[in-house]
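Peer 1: Provided below for reference: sequence and predicted model.
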Amino acid sequence: MTRQRVAVLDRVGHVRTEEREVPEPGVGQVLVRVAAVGVCGSDVHYYEHGRIGDFVVDSPLVLGHEASGTVVRLGPEVLGPEVGQRVALEPQSTCDRCEQCARGRYNLCPNVVFFATPPVDGAFAEYVVVDARRAHPVPDGLSDEAAALIEPLAVAVHATAKARVEPGQSVLVSGAGPVGLLCAQVALARGAGRVTVTDVNEHRLRVAARLGAHQVLNVAEEPDADVAPAEVVLECSGAARAVEWSVRRAAPAGTVVLVGMGATVTLPLDLIQARELWITGTFRYAHAYPAAIALASSGAVELDDLVTGRFDLDGVEDALLSARRDPTALKSVVSPGGLSRASAPTTSDRAGEQA
């Protein structure tokens, strides 16, 4: 266990596999054998454009930050988790010294080190090292794929907590990608009285309805449809037109949480002032993994059904392109150790087997 295979983004639009040394866990760290890694939109953006804002890929980079695996080695001064423990990886390390960390907002730590954010390598690899406190044990009933998707679920947990979703409230979720679908499920788990989900992709809207949304709306076909004002708006698309459309659907004194990242937008200040809206952003998550694991383990949130494609390390490029090629794709998962059949084959898998 001294050498491992990793998938490396060596230039825009090109990924190759190579051998590297297996990293040694340092003080307070654990070495994890990676079981599953979800593909995030940020991975796709780095692959296609080589940068996100000020973060530029200027040297070979291992992508992937939605990961699960098994602890195989402990570094010095680690009391837990134990070797052999299956874990969901919270892919960040923080300083614990700055004001943000001291106030519990470690997601805003200016010294944060986050997987797959240049120049930090991510988890499209057979082994990774992570802070022991960020390796969260998961129960046996949670699949490796679901454990990997605890990461985007943590985003949804953090966003709905920021919105203070309460029982009986009306919630509008703009964007039915994986995070939007998870936000809708978490809002329902928090007792939302009515959840409306909007998107331009009919397949994703059908998934939202199956997962419990009370109303789904294709805003490409019905941009002027009558939508009841929502007490909470969770904007998950990051698209400029969707942001403005969603803000205008917020009820007086409502809360708008901007979850999706992307466009620079113009907000209707007259409406924001007249309705006294609360508008805030959200960035990753803090202290959200335990709640996310509990929600997934209880069955209140469905994760396995979001997986629509499975790939090995040699198929990382196909995994990154799957959403562009297939409008029904939701979440692709890479298994660095080889494809597992713990879960039933997806439609994409069956198509590949027939080819």
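Peer 2: Yep, that arrived. Predicted model, so just to flag it, every value in this text is computed and none were measured.
Peer 1: How is this protein partitioned into domains?
Peer 2: 3-149+303-354, 159-281 (automatic domain parsing).
Peer 1: Out of those domains, which is closest to Tyr289?
Peer 2: domain 3-149+303-354 (4.7 Å; C-beta to C-beta). Heads up, the C-betas are built off the backbone N, CA and C, glycines and all.
Peer 1: How far off centre is the closest one?
Peer 2: 11 Å (C-alpha atoms, centre = their mean, to the nearest Å).
Peer 1: if you average pLDDT over that domain, what comes out?
Peer 2: The pLDDT scores in domain 3-149+303-354 average 92.
Peer 1: rewinding a little: possible to save the domains of the chain as a markdown table with distance to His287?
Peer 2: Formatted as a markdown table, the domains of the chain follow (distance: least, C-beta to C-beta, whole Å):
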| stretch | distance to His287 |
| --- | --- |
| domain 3-149+303-354 | 7 |
| domain 159-281 | 9 |
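Peer 1: JSON lines please, covering these and showing distance to Ser297 and mean neighbour count.
Peer 2: Converted to JSON lines, those look like this (distance: least, C-beta to C-beta, whole Å; neighbours: other C-beta atoms under 10 Å):
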{"stretch": "domain 3-149+303-354", "distance to Ser297": "5", "mean neighbour count": "19"}
{"stretch": "domain 159-281", "distance to Ser297": "12", "mean neighbour count": "19"}
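Peer 1: Among those, which comes closest to Leu295?
Peer 2: Per C-beta to C-beta, nearest to Leu295 of the domains of the chain: domain 159-281, 5.9 Å.
Peer 1: So which residues of the stretch 101-250 of the chain form helices?
Peer 2: 144-148, 150-163, 178-189, 202-210, 240-247 (DSSP state H, counting those that start in this stretch).
Peer 1: Least reliable of these by average pLDDT, please.
Peer 2: helix 240-247 (a mean of 94).
Peer 1: Within its sheet, name the partner strands of the next helix or strand after it and how each one runs.
Peer 2: Sequence-wise, the next helix or strand downstream of helix 240-247 (DSSP states H and E) is strand 250-258. When pairs are called by DSSP bridges, strand 250-258 turns out to pair with strand 230-235 (parallel), strand 278-281 (parallel).
Peer 1: So for the first one, mean pLDDT?
Peer 2: pLDDT averaged over strand 230-235 equals 98, rounded to a whole number.
Peer 1: how many degrees apart are it and helix 178-189 in direction?
Peer 2: For strand 230-235 against helix 178-189, the angle by axes from the mean of the first three to the mean of the last three C-alpha atoms, to 10 degrees is 150 degrees.
Peer 1: Other residues contacting strand 230-235?
Peer 2: 159-160, 163-165, 169-175, 180, 183, 187, 192, 196, 242-243, 246-247, 249-251, 254-260 (C-beta atoms under 8 Å, 6 or more residues apart in numbering).
Peer 1: switch the cut-off to 6 Å
Peer 2: With contact meaning C-beta atoms under 6 Å, 6 or more residues apart in numbering, strand 230-235 is reached by 159, 163, 165, 169-174, 183, 243, 246, 249-251, 254-260.
Peer 1: hey, where'd the strands end up in the stretch 201-350 of the chain?
Peer 2: 215-218, 230-235, 250-258, 278-281, 307-311, 331-334 (DSSP state E, counting those that start in this stretch).
Peer 1: Dump the first one to CSV, keeping only the CA atoms.
Peer 2: Written as CSV, here are the backbone C-alpha positions of strand 215-218 (Å, rounded to 0.1, in the frame of the first residue of the first chain):
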residue,chain,number,x,y,z
GLN,A,215,-45.9,21.4,-6.6
VAL,A,216,-43.4,21.4,-9.5
LEU,A,217,-43.2,24.0,-12.2
ASN,A,218,-41.3,24.1,-15.5
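Peer 1: tell me which strands and helices that strand is in contact with?
Peer 2: In terms of contacts (3 or more C-beta pairs under 6 Å, 6 or more residues apart in numbering; DSSP states H and E), strand 215-218 is packed against strand 194-199, helix 202-210.
Peer 1: gap between it and the chain center?
Peer 2: Using C-alpha atoms, centre = their mean, the offset of strand 215-218 from its chain centre is 22 Å.
Peer 1: Residue nearest the middle of the protein, spatially speaking?
Peer 2: Pro152 (2.4 Å; C-alpha atoms, centre = their mean).
Peer 1: for that one, what are its contacts?
Peer 2: Pro178, Val179, Leu182.
Peer 1: can we see that at 8 Å?
Peer 2: Gly38, Cys40, Glu66, Pro178, Val179, Leu182, Lys331.
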